[in-house]
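# how would this look folded up:
(one chain, ligands or ions: 1)
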Amino acid sequence: MGPQADTDAALSLKSVRRLYGRGLGAVTALDDVTISFERGSFTTVMGPSGSGKSTLLHCAAGLDRPDAGQILLDGQAIHALDERKLAAVRRRRVGFIFQAYNLLPALTARQNVTLPVELNGERPDRRLVDEVIAAVGMTERAEHRPAQLSGGQQQRIAIARAMVTRPAVIFADEPTGALDSQSAMDVLQLLREAVDRHGQTIIMVTHDPSAAAYADRAVFLRDGKLAGSLTSPSADRITGWTQQIDAVLGGGSGVAN
Ligand SMILES: Nc1ncnc2c1ncn2[C@@H]1O[C@H](COP(=O)(O)OP(=O)(O)OP(=O)(O)O)[C@@H](O)[C@H]1O
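Model (predicted):
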């Protein structure tokens, strides 16, 4: 990549640094990170606890601001925006999927899906809402409230909610961390379909090599730096790669926990 961030990518970070605290206690959570995410690609971000995965996600999604560097989201420079403009970026250009689903308990599944559209001051397009609810296999249960749904079903609704604004990037933070293995596979398959059928761009943090194997690329962070990447990663290759960098750099990576 040249000296500028990649304007064609869905998301591009150039020399991004994020420091927490000052003086002797300062922590460099992101240390000169340069990386691009192509449109319509599925990337997983891996690395040991404290390596900077959440900080990367938060800076890239406009939830946090870097101390240095550039971040282009859907071609827009977001690294220097004020809080009001960043909030607009979060509402319109990104979708979020969290480990704890984060659905509103008083709303039905369908109302949870339409909420981001309404928060943007727009009227939900019924056909699009039906389409995303059908895409996650929740048509039959769309009028249920979250408490009446299993964890896997709640996460499917969270995926529909993330897709409904047709964001440039969906960020998923350990989306299968609270699910049994069958529900986890269903959710990962849905994320894969969002990329393959709908051209969605997804960036997912996970510790689980078998979840990471659904992605097109796995990138590894270590001490706030990019430590390498694998394309078309299999769970075995991810585990092997992790053992290799541990052997070179020393210490446990925690990736396979
Ligand atoms: N608000 C904060 N204030 C101070 N230090 C922070 C803050 N947030 C993160 N850090 C530090 O920055 C580093 C990176 O943290 P981050 O949460 O990004 O790691 P992570 O890879 O997501 O870890 P985990 O897998 O445990 O969630 C860690 O050393 C962490 O302690």
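
# What segments of the protein are strands?
For the chain, applying DSSP state E gives strands covering 11-20, 27-37, 42-46, 68-73, 76-77, 94-98, 169-173, 202-205, 217-222, 225-231.

# The longest one to strand 217-222, inter-axis angle?
Here strand 27-37 points in a direction 160 degrees away from that of strand 217-222 (axes from the mean of the first three to the mean of the last three Cα atoms, to 10 degrees).

# And the fourth one, by the same measure?
Regarding strand 68-73 and strand 217-222, their directions subtend 160 degrees when assessed with the same axes, to 10 degrees.

# try the first one
With the same axes, to 10 degrees as the basis, strand 11-20 and strand 217-222 are set at 20 degrees to each other.

# Need the distance between the two termini of stretch 11-29.
19 Å (Cα to Cα, to the nearest Å).

# In it, which residues are buried?
11-14, 16-18, 28-29 (16 or more other Cβ atoms under 10 Å). Using the backbone N, CA and C atoms, a C-beta is placed for each residue, glycine as well.

# wait, which of those residues is closest to the ligand?
residue 29 (3.4 Å; Cβ to the nearest ligand atom).

# How about that closest one: what's its closest non-neighbour residue?
With Cβ to Cβ, 6 or more residues apart in numbering as the criterion, residue 29 has its nearest non-adjacent residue at 4.1 Å, and that residue is residue 55.

# Contact partners for that neighbour?
18, 29-30, 64, 224 (Cβ atoms under 8 Å, 6 or more residues apart in numbering).

# need the residues you listed in TSV with distance to residue 186, can you?
As requested, these are exported to TSV (distance: Cβ to Cβ, whole Å):
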residue	distance to residue 186
18	34
29	33
30	33
64	31
224	33
